[in-house]
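1. Model the structure of this input:
(2 chains)
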Amino acid sequence: MIKFSRRVLARYAADQLAAGASAKKLGDELVAVLSEQKMLSQAEHLASDINYELEQRGELAVSRATSARPLSDATVAEIERTIKRATDVKQVSLDTEVDKSLIGGLRIETAAKVWDETIKQQLANLREVA
Amino acid sequence: MIALPAQFAAESSGISSLGINLKGFIFQLITFLIVLLILRRYVFPKIVDTLEARRKTLEQSLAQAKLTEETLAKAEVKSEEILTRARARADEALAEGKKAAEAAIAKAELAGAERAAKIVADAEAHLQLEREKLRRELKAELANLVADATEQMIQEKLDDNRDHKLIERIVGAIK
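-> You can find the predicted model right below:
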């Protein structure tokens, strides 16, 4: 049997999703392939790769916004719009997370990009300058 | 007894008036001649030979002495020359030794100076490295202190409203 790399599987999955294939059916196929190739441990990585491919194709940006305090709905909507503009995708899937250790500011992550403007990161940058 | 000629007897009265005993004189003369002959035959040659031998020995000794004296004089001249050459060589060796010693001292001094300079240079380089290391450590320490102080200050000062405004500014800056 031909062994497929993770990148190849991700590209295939992204193409299928972009073409409108059923996500559940596609998921089952991928699980079967991973199982046969004994690559089930890499399923999470494959998911990230698929998100990356979708974002590169401008289809979907799976993203996460982390802040020290809960975000308002208006802010979340603004963040979605910003991500859509910045990644040039048709759709944005945004999760929010609260992490008090960030102190303040915001971190936005997509499959292909990261914007980290948290107070914690800026303090880490300050320490690194030395 | 020898028979004397008659003429001699006749003249005896003339010579005897002078107080000379002719017979005795002739007898002594003959005795003298006999002794002389005996001496000449048996004694003189030996004496002459002995004297001759002694003379030759003396001559040889004199010649040998002269030769020895000449040899000694030559030896003295030669020894003087040897001594002069030896003194000259000794002086040369002394001068060379002195020169070599001075050169060795100069070389050792130079090597010592170079080594000292190298030690100083190495020490300076080491000090420079230590200074750089200390500077980096101080800089890191200072940065950490500033970051810690900043963190503490921000935690105290940053409220919900300020954080919200900060987030708005961040989102607005993303392109």
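2. Longest helix in chain B, please.
-> For chain B, the helix reaching the highest residue count under DSSP state H is reported as helix B:44-157.
3. what's that helix packed up against?
-> Packing partners of helix B:44-157 (3 or more C-beta pairs under 8 Å, 6 or more residues apart in numbering or on different chains; DSSP states H and E): helix A:119-129. Bear in mind the C-beta positions are built from the backbone N, C-alpha and C, glycine included.
4. and the next element down the chain from the longest helix of chain B?
-> helix B:160-173 (DSSP states H and E).
5. quick one, phi psi at A:V62?
-> Phi and psi for A:V62, reported as degrees, to the nearest 10, are phi -90, psi 120.
6. That should have said A:S72, apologies.
-> Backbone geometry at A:S72, expressed as degrees, to the nearest 10, gives phi -80, psi 160.
7. Can you name the residues that contact it?
-> If you count contacts by C-beta atoms under 8 Å, 6 or more residues apart in numbering or on different chains, A:S72 has them with B:H164.
8. The longest helix of chain B vs helix B:160-173, what angle?
-> 110 degrees (axes from the mean of the first three to the mean of the last three C-alpha atoms, to 10 degrees).
9. okay, the angle between helix B:44-157 and helix A:119-129?
-> Using the same axes, to 10 degrees: helix B:44-157 against helix A:119-129 is 160 degrees.
10. chain center to helix B:44-157: distance?
-> Averaged C-alpha coordinates place helix B:44-157 at 17 Å from its chain's average position (C-alpha atoms, centre = their mean, to the nearest Å).
11. and stretch A:116-129, does that touch chain B?
-> Yes - Stretch A:116-129 is in contact with chain B by C-beta under 8 Å from any C-beta of the partner chain, via A:117, A:119, A:123-124, A:126-127, A:129.
12. Tell me, how many residues neighbour B:A147?
-> B:A147 has 19 neighbouring residues, counting by other C-beta atoms under 10 Å in any protein chain shown.
13. That one and A:L123 touch, don't they?
-> Yes - here B:A147 reaches A:L123: they are 4.6 Å apart, a contact under C-beta atoms under 8 Å.
14. A:R64 sits in which helix or strand?
-> Per DSSP H and E, A:R64 falls inside strand A:60-67.
15. Any chance you could list what contacts the helix or strand just after that strand?
-> Going down the chain from strand A:60-67, the next helix or strand is helix A:73-87, by DSSP H and E. If you take C-beta under 8 Å, 6+ apart as the criterion, helix A:73-87 is touched by A:55, A:58, A:61, A:63, A:65, A:71, A:89, A:91-92, A:94, A:96, A:106, A:108, A:110, A:112-113, B:164, B:167-168, B:171, B:174-175.
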